[in-house]
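J.: Just a sequence and a predicted model for now, questions to come.
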Amino acid sequence: MRIPCPFCGPRDVIEFTVHGEARQRPVFEAHELDTPAAREAFVDYVYLRDNPAGLHVEHWYHGIGCQSWLLVTRDTRTHDILEVAYAAGEEEPAPAVVRTMEVAS
Ligand SMILES: [Zn+2]
């Protein structure tokens with residue numbers, strides 16, 4: 001399987017690590033955090049996952065590459081990648097710094 005990284009281009013899946021379903025973290029005001037509704041929402045967010053047969057949006061990390069967090073829309077039945085984008089709030093990474101080493105002669 002190849003994933004089209006928006007920065008690096010198409011790369012083999014072994015360069016990436018999947019970090020599960022991309023879901024919106026529950027949002028509560030500070031005074032609402034110690035309520036049954038907030039606890040139930042966080043338990044659901046942390047421990048319960050959907051397992052759809054079809055389109056699934058996941059967080060992937062391009063560790064052996066540009067080290068970007070990506071949102072990958074994948075069909076779980078066929079493993080076809082339909083869309084890849086930077087994760088929310090992340091901008092395009094800066095080009096890698098190339099270091100050279102002088103060799104004494
Ligand atoms: Zn990349």
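T.: That came through fine. Numbers count the residues shown, from 1 in each chain.
J.: what about residue 68, neighbour count?
T.: Applying other C-beta atoms under 10 Å, we find 21 residues neighbouring residue 68. Using the backbone N, CA and C atoms, a C-beta is placed for each residue, glycine as well.
J.: do residue 3 as well
T.: By other C-beta under 10 Å, 21 other residues sit near residue 3.
J.: Check which helix or strand it maps to.
T.: In the assignment (DSSP states H and E), residue 3 maps to strand 2-5.
J.: Counting neighbours, which bits of that strand end up buried?
T.: Judged by neighbour count (16 or more other C-beta atoms under 10 Å), strand 2-5 contains these buried residues: 3, 5.
J.: and the next element down the chain from it?
T.: Next along from strand 2-5, by DSSP H and E: strand 9-12.
J.: how about the strands in the chain?
T.: In the chain, the strands defined using DSSP state E lie at 2-5, 9-12, 17-21, 55-61, 69-75, 81-86.
J.: Kindly export the second one (C-alpha atoms) in PDB.
T.: So that's strand 9-12. Output of strand 9-12 as PDB, limited to C-alpha atoms (Å, rounded to 0.1, in the frame of the first residue of the first chain):
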ATOM      1  CA  GLY A   9       4.700  12.300  -2.600                       C
ATOM      2  CA  PRO A  10       3.700   8.600  -2.800                       C
ATOM      3  CA  ARG A  11       5.500   6.500  -0.200                       C
ATOM      4  CA  ASP A  12       5.300   3.000   1.000                       C
END
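J.: And it, what does it pack against?
T.: Strand 9-12 makes packing contacts with strand 2-5 when contacts are defined by 3 or more C-beta pairs under 8 Å, 6 or more residues apart in numbering; DSSP states H and E.
J.: got it, and the third one?
T.: Strand 17-21 sits against strand 55-61, with contacts defined as 3+ C-beta pairs under 8 Å, 6+ apart.
J.: in the strand it packs on, what's buried?
T.: Buried residues in strand 55-61 (16+ other C-beta under 10 Å): 56, 58, 59, 60, 61.
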